[in-house]
Structure formats: structure tokens, C-alpha cells
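Participant: structure for this input, please:
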Amino acid sequence: MKEFMDLKFGFKDAENYIRKSQKELFNKLFIITDDLKELCDDSTFFLIGEKGTGKTAYAIYISNNSYLGNTGTHKNIVNTDYHKFIKLKMDKQLQLPMK
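Facilitator: Numbering: from 1, shown residues only. The predicted structure is shown next:
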């Protein structure tokens, strides 16, 4: 049995797994579900959700791997960019599809 100090729990934030040295561990930890397939659908443009819901984890996984022929690049949106999206939506310049 391992000692407590020998256990590795990984990082609390998926963004830390973008580094090449951490990709293999992240791939072992990441659970592929039907949500990933839906995210890779041609009609999906944005992934929006509350903090801690896995948005960054999906972005990191797609940045690190090819899934169903899809690859990606992880980009952070700063708070000011987010407010631009909100303004576009409020000005009816950004129509989000409802599912």
C-alpha cells in the first residue's frame, strides 16, 4: 500500500495539463462521454457553462488529441471579451441556437 505522501492527485485545473509533460496523465484521467461527441458536432461553436463544469477539460482534451477527426487549440477568453459577447447578445447581434 502507498503512503499518503506518495499519492498523486493531479492538478485541480485542467489548464495545467496542456503542457506536454502532463498530457499522458490527463488522457488517463479524462472520461470520454457522448457529450464530447456532441461538442465535436459541426453545429457546435461555443461551449458555455458555469465555473467547474468541465469546459476547460474538454478544450484541453481536444487540444491534446484528435477525436473523431477533430483537433483544436485552447484559447482563454478574458473577462472583457466575455462582456463583448454579452453586449452582442443583448444588442441582438448574436443569436444562440436553443436545444
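
Participant: what mean pLDDT does stretch 14-34 have?
Facilitator: Mean pLDDT, stretch 14-34: 84.

Participant: kindly list the longest helix within the chain.
Facilitator: In terms of residue count, the longest helix belonging to the chain (DSSP state H) is helix 79-90.

Participant: where in this protein is pLDDT low?
Facilitator: Within the chain, the stretches falling below the threshold (pLDDT under 70) are 79, 96-99.

Participant: show me where it has helices.
Facilitator: Assigned by DSSP H, the helices in the chain fall at 23-29, 34-39, 55-64, 79-90.

Participant: using a markdown table, lay out those helices together with distance to Leu47 and mean neighbour count.
Facilitator: For glycine as for every other residue, the C-beta is placed from the backbone atoms N, C-alpha and C. Written out in a markdown table, the entries for the helices of the chain read as follows (distance: least, C-beta to C-beta, whole Å; neighbours: other C-beta atoms under 10 Å):
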| stretch | distance to Leu47 | mean neighbour count |
| --- | --- | --- |
| helix 23-29 | 17 | 14 |
| helix 34-39 | 6 | 13 |
| helix 55-64 | 5 | 20 |
| helix 79-90 | 13 | 10 |
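
Participant: which of the ones you listed sits closest to Lys12?
Facilitator: If you check each of the helices of the chain against Lys12 by C-beta to C-beta, helix 55-64 wins as the nearest, at 11.1 Å.

Participant: from the middle of its chain, how far away would the closest one be?
Facilitator: When distances are taken as C-alpha atoms, centre = their mean, to the nearest Å, helix 55-64 is centred 4 Å away from the chain's centroid.

Participant: with only the CA atoms kept, save the longest helix of the chain in CSV.
Facilitator: Output in CSV follows, covering the C-alpha atoms of helix 79-90 (Å, rounded to 0.1, in the frame of the first residue of the first chain):
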residue,chain,number,x,y,z
ASN,A,79,-13.3,38.9,-18.9
THR,A,80,-13.5,41.9,-21.3
ASP,A,81,-14.0,39.5,-24.3
TYR,A,82,-16.8,37.8,-22.4
HIS,A,83,-18.6,41.1,-21.9
LYS,A,84,-18.3,41.8,-25.6
PHE,A,85,-20.3,38.5,-26.2
ILE,A,86,-22.9,39.6,-23.7
LYS,A,87,-23.3,43.0,-25.4
LEU,A,88,-23.6,41.4,-28.8
LYS,A,89,-26.3,39.1,-27.4
MET,A,90,-28.2,42.0,-25.8
